[in-house]
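1. here's a sequence, model it:
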Amino acid sequence: MLLDHQSRTRSRWRRSTLTPESSRRRLSRGAGPFDFHWHDPAFAALVGAERLDELASLLERTDGVLVARGRPGRETLRVVLGGDSALRRVLFLKRETSTHTKDLLRHVLAGRGYWTKCRAEFEVLRALREAGINVPRPIACVQQGLWRPQACLVVEGLDGTVPLAEYLSSDAVTTSSARRGEFFSALAREVARLHATGYNQPDLFANHVHVATTGASWQVAFLDFQRSTYHANPSLARRARDLAALWATLPRRLASERDEERFLDSYLSAAQLEDRAAELLAATRRRVERLLRRRKIWEIRESDTAAHRSVQALAPIERGRMWIDPEFRPHLEHEGRATFADMMATTAGECLRALADRENWRLVLDDGEHAPRGAFLKKHHIRTWNTRFRAKLGLDPGDTAGRVEARNIARLARGGIAAMRLIAYGEGLHADGLLESFVLTEELVGCTQLDHFLRRRFPALNDGAALAVDRITGERHGLRNAALDTLLGEVASVARHFHAMGYNHRDFYCCHFFIREHVPGEFRVHLIDLQRVQHRTRLRRRWIVKDLAQLAYSAPRERISRAHKMAFIKQYLGVRKLRPQDKQLIRRVLRKQRWMEWTLGLHP
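-> So this is what the prediction gives:
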């Protein structure tokens, strides 16, 4: 049966899958030779009522919610039909308004046809559903045009399923170790079944795997096959790429090493690859290390965290000059700061710093009904030859300081790093070349910057004293304080995570780490001042050295010992024993720190 299905699938990829009925429908529409129209006959009434087979209508729909936006020209819209009635139906519109020539040529050279990504995914979904794999059901697919064709794929939403990360973060599979083992074994068998069809899924991320509990078993569904390809016998490298995509997006808090072992054992058994277990495991781990250098992977990996869920979509106003968190809009309107001009002109607050090109203010936001809330406003105003040139040509402002910081706040929060909550930001380029922008963030209540927190919370180092007294708990400790070790470990974890996502801060001083101790011995670390943060696909070592040297330079000498620094760097590197390359990194950091002390003096 499997060989028969593979031979049918191979032929399906070698030719167009137009049925006689759909061919007649295409000709009756007067479409061109490269156009394609298809819809499921079972949904004929719905397609006709909602015009789901008309590309212009699909591309113009605005009655849905944008759930994903890929590369320019690709987006996914969630549309709910029927409201709350019994006929309620959830559809997803995968729209493609611009197709790269390389994607078209890739399918043509493979003998498939002049296919867009929507058309290619449609063919994959049909083949997988015939093979019994649980994937979204295609309802309609339309492709039109020869040069830069446009297309749209309409699929039915998966009813009753949740993303894998959300499922694992619930109590559904945490009842017992045996139950967890059964779940990961079942998940592995489904992935092996997917590969047995001949199709791979290079985007097998945790958010593309949905799970539903059906009695004592599970129903696993897979999404997003736009980059899938068919191979009669998928190579070990392709299998490793798919498995790595899944495990790179599952953090250890959701799937332990034991869970991973059970998954791989079941996969190898189901795929009959036990004799190549070591080779597959090594290839998967190498691929995971490569994926964890990408910001997108970390955003998916941390999607179950509170920091990720706290990111709110800002509503644009004034034709895109300003964006506001809807929760805070009543506050800004009550204070008369709901426009870009009013925000830039505001002086009703405490000016913390005023420089030639920027100002820092502390504001109190009050909506007249609830308790006032503190906020920090950072205003930027510059005029350069570049801004004058852009103003003369009528161009947009480009990447302003306010937009960059707002973008960094949202991206870090989605990546699992706590920053500040973004309330609003705006930007505007005046005719005379004056470029203005601002960013407004909520005050971090109950937080203290790291260097001040260390001095208030922990006693000074005293080599002559055998014991020290914890200022909060009153407990007597040796020269190593357990709470201090915990705090430094949290800071090291944030720094490691920050650099792993490809970011460098350029102002990685202690004053930009804000600490909150919600219960004694448990700390929450926030990272602020993200205006100069940069992201690089390949983060050069010199930027890591600079960040770590700034952190070491600003650490209070009377509170942090060499032993503390050694424990910090081991936690940052994720090792118990330093390797030669680790020692080389430490020497470079120390040289940079000494240079800073020689040029800037000791940190106050």
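2. switch to C-alpha atoms for all contacts and neighbour counts from now on
-> Fine.
3. where along the stretch 251-400 of the chain do the helices fall?
-> Secondary structure of the stretch 251-400 of the chain (DSSP state H, counting those that start in this stretch): helices at 257-271, 277-291, 295-301, 306-309, 329-335, 340-345, 385-393.
4. residue 322 is nearest to which of the ones you listed?
-> Closest approach to residue 322 among the helices of the stretch 251-400 of the chain (CA to CA): helix 340-345, 6.0 Å.
5. what helices or strands is the closest one leaning on?
-> When contacts are defined as 3 or more CA pairs under 8 Å, 6 or more residues apart in numbering; DSSP states H and E, helix 340-345 sits against strand 435-442.
6. can you give me the angle the strand it packs on makes with helix 385-393?
-> 110 degrees (axes from the mean of the first three to the mean of the last three CA atoms, to 10 degrees).
7. pull up the pairing partners for strand 435-442, direction included.
-> strand 373-382 (antiparallel), strand 422-429 (antiparallel) (DSSP bridges).
8. JSON lines for those strands, including mean neighbour count?
-> Output for these, formatted as JSON lines (neighbours: other CA atoms under 10 Å):
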{"stretch": "strand 373-382", "mean neighbour count": "20"}
{"stretch": "strand 422-429", "mean neighbour count": "26"}
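9. TSV for those strands, including distance to residue 223?
-> Output for those, formatted as TSV (distance: least, CA to CA, whole Å):
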stretch	distance to residue 223
strand 373-382	41
strand 422-429	31
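10. and the next helix or strand past the helix or strand of the chain with the lowest mean pLDDT?
-> Taking mean pLDDT, DSSP states H and E as the measure, the chain has helix 20-28 as its least confident helix or strand, at a mean of 35. Once the chain leaves helix 20-28, the next helix or strand it forms, by DSSP states H and E, is strand 36-39.
11. could you say what helices and strands that following strand packs with?
-> helix 20-28, strand 138-144.
12. neighbouring strands of whichever helix or strand comes after the shortest one in the sheet, and parallel or not?
-> Right, strand 138-144. Reading on from strand 138-144 to the C-terminus, the next helix or strand found by DSSP H and E is strand 150-156. Sheet partners assigned to strand 150-156 using DSSP bridges are listed as strand 89-96 (antiparallel), strand 138-144 (antiparallel).
13. what's in contact with strand 150-156?
-> Defining contact as CA atoms under 8 Å, 6 or more residues apart in numbering, one finds that strand 150-156 is touched by 52, 55, 58-59, 89-99, 116, 118-119, 122, 136-144.
14. likewise for stretch 510-522?
-> Taking CA under 8 Å, 6+ apart as the rule, stretch 510-522 contacts 446-453, 472-473, 483, 486-487, 523-529, 551, 554-555.
15. my read is residue 583 is in a strand, agree?
-> No: read with DSSP: H, G, I helix; E, B strand; the rest coil, residue 583 is helix and lies in no strand.
16. and the gap between it and residue 569?
-> Using CA to CA, to the nearest Å, residue 583 is found at 10 Å from residue 569.
17. between the two, which has more neighbouring residues?
-> Set residue 583 next to residue 569 and count neighbours by other CA atoms under 10 Å: residue 569 wins out with 22 against 11.
18. related to what we said a few turns ago, which one of the helices of the stretch 251-400 of the chain lies nearest to residue 409?
-> Going by CA to CA, the one of these nearest residue 409 is helix 306-309, 10.6 Å.
19. what is the closest one packed up against?
-> helix 401-414.
20. orientation of the helix it packs on relative to strand 435-442 in degrees?
-> Using the same axes, to 10 degrees, helix 401-414 lies at 30 degrees relative to strand 435-442.
21. and helix 401-414, what does it pack against?
-> helix 295-301, helix 306-309, strand 373-382, strand 422-429, strand 435-442.
22. and the most centrally placed residue in the chain, how far from residue 88?
-> The residue lying closest to the centre of the chain (CA atoms, centre = their mean) is residue 299, at 2.1 Å. Separation of residue 299 from residue 88 (CA to CA): 31 Å.
23. over to residue 244?
-> 37 Å.
24. with residue 328 instead?
-> Residue 328 is 33 Å from residue 88, by CA to CA.
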